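Novice: how would this look folded up:
(one chain, ligands or ions: 2)
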Amino acid sequence: MEKKLSFLGIETSCDETAASIVQENKDGTAKILSSVVSSQIKEHEKFGGVVPELAARSHIENIEFIVSKALKEADVKIDEISGVAATAGPGLIVCLTVGLNFGKAIAGFADKPFVAVNHLEGHALSPGLSGNIKFPYLLLLVSGGHSQFLIVENINQYKQLGTTIDDALGEAFDKTAKMLDLGYPGGPAVEKFAQKGDKNYFKLPQPIINKAGCNLSFAGLKTAVLRESKKIKNNNQLKYNLAASFQETIINILRKKTEIAFNEFIKFNGSKNKTFVVAGGVAANESIRISLKEIAKKNNFKPVFADIKYCGDNAAMIAWAGIQRYKKKLTNNLDVEPKSRWPLDSKAKFMKGPGLKL
Ligand code: KG4
Ligand code: ZN
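Specialist: Ligands and ions are numbered 1, 2, ... in the order given. Here you go, the predicted model:
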């Protein structure tokens, strides 16, 4: 009987130490045997953001325990798995190094194939953990470090349609939460407080809404939130109104830009297989999910969201990307190095910095 593929995945690119065992079923779907995520929220919340050295130290302290726990929960021994995958970028080098080196050591000692995974490819393929999706598909990837529209043509084959020219969407949520003193991590806090607010109370700017295709910009919105937040001080209702208005503005921007991306996708692939996938930490936001589902249906796109459990950083998506790359013979040698910057589409124009023309 042919053995099923299974991978150990390791993720340490930012403030989550995570390990997971994922198996591929015969029909190409995923079976998650374990997914252990240890978040460092408590350690970073007093600073209102991730402190790289603290994060790296915490990964070093936790990694062995987390990997052992993932193996134990899956009831699998190292020699029974098909290979090891670890995130190699993009992210904080001091953090990436911990998981990458741990993964390489296991692969080396156990004599298993090794796959260095792009964290963004992990997010891009994460909806595959819940069911088969056909290539190509349109992807909106919204996380703490990235906000991009991409055509996922295949494993390792991406075409960037648009990206943020300044802040990432998750970063805008985190900064808004900080300005309003709502707590850390910001995304879930803003979402929670927005439910108590009037989304039409503040009129906030929608940067580059009518230009630059499906590129995105959130810096001007953040500055407007800062300006308003200074005026409202300790009035809780106004804080909630500002959180709600911020989230509503984001939703309006995403709806408009998503429709532009739909047209780009149709230009690329015609009108067949119109699938719209949303992944990354911000994809956990219920109001964003509802709104993007609606806009997809209106445009005859099939909306597919990463399971809420696998929107934020986790290692199941890394193990899964590892399996998919391994099947395409995209394995790595053990001298592979971490990368802080690693775009999925290497031909895409770098969209930040002075002199940018839109
Ligand atoms: O994908 P992720 O876990 O890490 C990165 O790769 O960056 O994304 C984290 C980001 C954070 O900025 C967090 O505030 C945001 O996702 N986030 C949310 C929600 N949950 C997490 N943003 C909005 N609404 C949420 N419910
Ligand atoms: Zn991520």
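Novice: pull out the buried positions in the longest helix anywhere in the chain.
Specialist: Counting residues, the longest helix found in the chain (DSSP state H) is helix 236-269. For helix 236-269, a neighbour-count test (16 or more other C-beta atoms under 10 Å) marks 238-251, 253-254, 257-258, 260-262, 264-266, 269 as buried. Using the backbone N, CA and C atoms, a C-beta is placed for each residue, glycine as well.
Novice: make sure Gly138 is indeed in a strand.
Specialist: I think there's a mix-up here, since residue 138 is Leu and not Gly. Yes - assigned with DSSP: H, G, I helix; E, B strand; the rest coil, Leu138 falls within a strand.
Novice: can you verify my assumption that it contacts Asn273?
Specialist: No - in this structure, Leu138 is not within contact of Asn273 by C-beta atoms under 8 Å, at 10.0 Å.
Novice: so those two - more neighbours on which side?
Specialist: Neighbours were counted for Leu138 and for Asn273 using other C-beta atoms under 10 Å; Leu138 has more, 26 against 15.
Novice: ok, the more buried one - contacts?
Specialist: Contacts for Leu138 (C-beta atoms under 8 Å, 6 or more residues apart in numbering) come out as 149-152, 161, 261-262, 265, 274-277, 301.
Novice: need phi/psi at whichever residue of the stretch 101-250 of the chain sits closest to ligand 2.
Specialist: Of the stretch 101-250 of the chain, the residue with the smallest distance to ligand 2, taken as C-beta to the ion, is Ser143 at 4.3 Å. Reported as degrees, to the nearest 10, the phi and psi values for Ser143 are phi -140, psi -170.
Novice: same deal with Gly89?
Specialist: The phi/psi pair for Gly89 (degrees, to the nearest 10) is phi 160, psi 180.
Novice: please name the nearest non-neighbouring residue to it.
Specialist: Lys339 (3.4 Å; C-beta to C-beta, 6 or more residues apart in numbering).
Novice: so what's the residue lying closest to Ala319 once chain neighbours are set aside up against?
Specialist: Distance criterion C-beta to C-beta, 6+ apart; nearest residue to Ala319, sequence neighbours excluded, is Gly9 at 2.8 Å. Going by C-beta under 8 Å, 6+ apart, Gly9 touches 18-22, 85-86, 117, 315-322.
Novice: swap in Cys311?
Specialist: Residues in contact with Cys311 (C-beta under 8 Å, 6+ apart) are Ser126, Ala279, Gly280, Gly281, Val282, Ala283, Ala284, Phe305.
Novice: returning to what we had before: now for the longest helix of the chain, which elements pack on it?
Specialist: strand 137-142, strand 147-154, strand 157-163, helix 169-179, helix 186-194, helix 219-232, helix 286-298 (3 or more C-beta pairs under 8 Å, 6 or more residues apart in numbering; DSSP states H and E).
Novice: secondary structure class for Asn210?
Specialist: Under three-state DSSP, the three-state class of Asn210 is coil.
Novice: up against ligand 2, what does this structure have?
Specialist: By C-beta under 5 Å from the ion, the residues of the chain that approach ligand 2 are Ser143, Asp313.
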